[in-house]
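1. Predicted coordinates and the sequence they were generated for:
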Amino acid sequence: MITRNNGFSNLTAGYLFPEVARRRRDFAAANPGKKIISLGIGNTTEPLTPHIAEAMADYAAALGTKEGYSGYGDEQGLTALREKIASVIYNKRVQPSEVFISDGAKCDIARIQCLFGNSVAVAVQDPAYPVYVDGSVIVGAAGGLTENKSGYQGITYMPCTPGNNFFPDLSAIKKNSLIYFCSPNNPTGAASTREELQRLVDFARENGCIIIFDAAYNAFIRDERLPKTIYELEGSRRCAIEINSFSKPAGFTGVRLGWSVVPRSLLFEDGTPVIDDWNRVMTTLFNGASNIAQHGGLAALDEKGLSEMKTQVDFYLENAGIIRDTLGAPNFKAARVKIFSTGNSPYVWAQFPGFKSWDVFDKILEQCCVVTTPGSGFGPSGESFIRFSAFGHRENIIEACSRLKTLKF
Ligand SMILES: *Cc1c(COP(=O)(O)O)cnc(C)c1O
């Protein structure tokens, strides 16, 4: 018999979201007829905007004609889209040839792990989006579980807490590490300042590290002082890869379209440009993003599309504001619940002192029929926190919030 890949046996229990889904299903089965509202998983809810939807519909219809048909394209993506991303998103700080179009940020993060192999040291923010750790475990880069089973031996967890304003102590990171960094952060919502990100870049340069900068929420940044891409920081072209996506700003979670940027000046120890190997990964293990999705992406980045995306992002940010206000209601105040929400993210991160995350999750589900996400599922430092997602129809957000105001502790 074939032996099981150790990486899989090393994975701890379930992936977070399936466990959330399981508890929701059990609750629904025991409470038929009750309307459950989800402020849980970060999935978009609002329809595609007209201009972007039309561009994809037109392209899809043309595929049924001789003139409009297209098959495989370049694995790296449409040249026009790579150019548009380089100019519109990066203001020409990166070259179109350094942009790789993909089927989404999560898939890129997974492929990145095969680029660096199983002997690389890994550092993650704690709490963090689960794929950084679980993907490292699957490729064997995380090592075995720590003795208390709260983490992995090969991974440096960098606590991001109210105590450090959600920016980690970098001194714990080993030399030559792969550093996963997400800002604005999922789940904490924290958006790092220019000064903080410069410290991160300087640290990476001085210590031979490569930063995988997950900028999936950069369209939610409303504070103009905050950098929207790692490439605004000096020295970043020598130490950072950026991952991004149309999922959250354009509602492409189901359409699937993202991109990565690997600057030509980013090198491995032996002087090989990382971009050459990345190009190899993308052309060998990936066969290009959907042509339809890429035409949606092109439409999203023209003037009309950009304005539609901004309206959609503003809508979710308003939802986040409604949730934040709700968590200031007397019942939450009395329980000394602390709210962390920066106005630059679709997530509200809240701390429930004296409670375990899963207990608060169950309490909210049972009393309010509202699904949230337990902070502990994102890492040990997320314990006692709950993540509230602002992705939802307005009427659902309002109803969920009115129920939350009745929550008893
Ligand atoms: C949603 C999300 C992604 C996934 O994006 P896709 O392009 O849909 O795969 C990546 N990173 C973070 C932090 C996310 O929250």
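-> Alright, I've got the coordinates.

2. what about stretch 383-396, distance to the chain center?
-> 15 Å (C-alpha atoms, centre = their mean, to the nearest Å).

3. and the protein, which of its residues are near the ligand?
-> By C-beta under 6 Å from any ligand atom, the residues of the chain that approach the ligand are 42, 104-107, 129, 182, 186, 214, 216, 245, 247-248, 253, 258. C-beta: built from backbone N, CA, C; applies to glycine.

4. Dihedrals phi and psi, the nearest residue to Arg93 once chain neighbours are set aside?
-> Spatial nearest neighbour of Arg93, excluding adjacent residues (C-beta to C-beta, 6 or more residues apart in numbering): Tyr231 at 4.4 Å. Dihedral pair for Tyr231: phi -70, psi 0, per degrees, to the nearest 10.

5. could you pull out the strands for the stretch 251-400 of the chain?
-> Under the criterion DSSP state E, counting those that start in this stretch, strands of the stretch 251-400 of the chain are mapped to 258-261, 338-340, 347-351, 370-371, 373-374, 385-389.

6. what's near enough to touch the closest residue to Val360 other than its chain neighbours?
-> Spatial nearest neighbour of Val360, excluding adjacent residues (C-beta to C-beta, 6+ apart): Phe352 at 4.8 Å. Counting by C-beta atoms under 8 Å, 6 or more residues apart in numbering, Phe352 makes contact with 335, 337, 360, 384-386.

7. Kindly recompute the last result at 7 Å.
-> Residues in contact with Phe352, defined by C-beta atoms under 7 Å, 6 or more residues apart in numbering, are 335, 337, 360, 384, 386.

8. Phi, psi for the second one please.
-> Read that as Val337. Torsion angles, degrees, to the nearest 10, at Val337: phi -70, psi 130.

9. Number of residues surrounding it?
-> Neighbour count for Val337, taken as other C-beta atoms under 10 Å: 20.

10. Can you get me the start-to-end distance on stretch 129-144?
-> Stretch 129-144 stretches 20 Å from its first residue to its last (C-alpha to C-alpha, to the nearest Å).

11. Check stretch 40-56 too.
-> Its first and final residues considered, stretch 40-56 spans 29 Å by C-alpha to C-alpha.

12. can you give me the helices for the stretch 251-400 of the chain?
-> Residue ranges of the helices in the stretch 251-400 of the chain, as given by DSSP state H, counting those that start in this stretch, are 274-285, 291-300, 303-326, 330-334, 357-368, 394-404.

13. so which of these comes closest to Ala62?
-> Closest to Ala62 of the helices of the stretch 251-400 of the chain is helix 291-300 (C-beta to C-beta; 9.4 Å).

14. got the end-to-end distance for stretch 346-364?
-> Chord length of stretch 346-364, first to last residue, is 20 Å (C-alpha to C-alpha).

15. can you tell me the average pLDDT over that stretch?
-> The average pLDDT within stretch 346-364 is 97.

16. before we move on, what about stretch 265-283?
-> 97.

17. May I have the distance across that stretch, first residue to last?
-> 20 Å.

18. which residues touch that stretch?
-> Around stretch 265-283, the neighbours that count as contacts under C-beta under 7 Å, 6+ apart are 75-76, 98, 100, 111, 114-115, 237-239, 241, 262, 264.

19. can you redo those residues as JSON lines with distance to Val133, neighbour count and secondary structure?
-> Formatted as JSON lines, the contacts of stretch 265-283 follow (distance: C-beta to C-beta, whole Å; neighbours: other C-beta atoms under 10 Å; DSSP: H, G, I helix; E, B strand; the rest coil):
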{"residue": "Glu75", "distance to Val133": "28", "neighbour count": "18", "secondary structure": "coil"}
{"residue": "Gln76", "distance to Val133": "28", "neighbour count": "23", "secondary structure": "coil"}
{"residue": "Glu98", "distance to Val133": "27", "neighbour count": "25", "secondary structure": "helix"}
{"residue": "Phe100", "distance to Val133": "23", "neighbour count": "27", "secondary structure": "strand"}
{"residue": "Arg111", "distance to Val133": "16", "neighbour count": "19", "secondary structure": "helix"}
{"residue": "Cys114", "distance to Val133": "16", "neighbour count": "15", "secondary structure": "helix"}
{"residue": "Leu115", "distance to Val133": "17", "neighbour count": "20", "secondary structure": "helix"}
{"residue": "Arg237", "distance to Val133": "27", "neighbour count": "19", "secondary structure": "helix"}
{"residue": "Arg238", "distance to Val133": "26", "neighbour count": "14", "secondary structure": "helix"}
{"residue": "Cys239", "distance to Val133": "21", "neighbour count": "26", "secondary structure": "coil"}
{"residue": "Ile241", "distance to Val133": "18", "neighbour count": "24", "secondary structure": "strand"}
{"residue": "Val262", "distance to Val133": "22", "neighbour count": "26", "secondary structure": "coil"}
{"residue": "Arg264", "distance to Val133": "29", "neighbour count": "14", "secondary structure": "coil"}
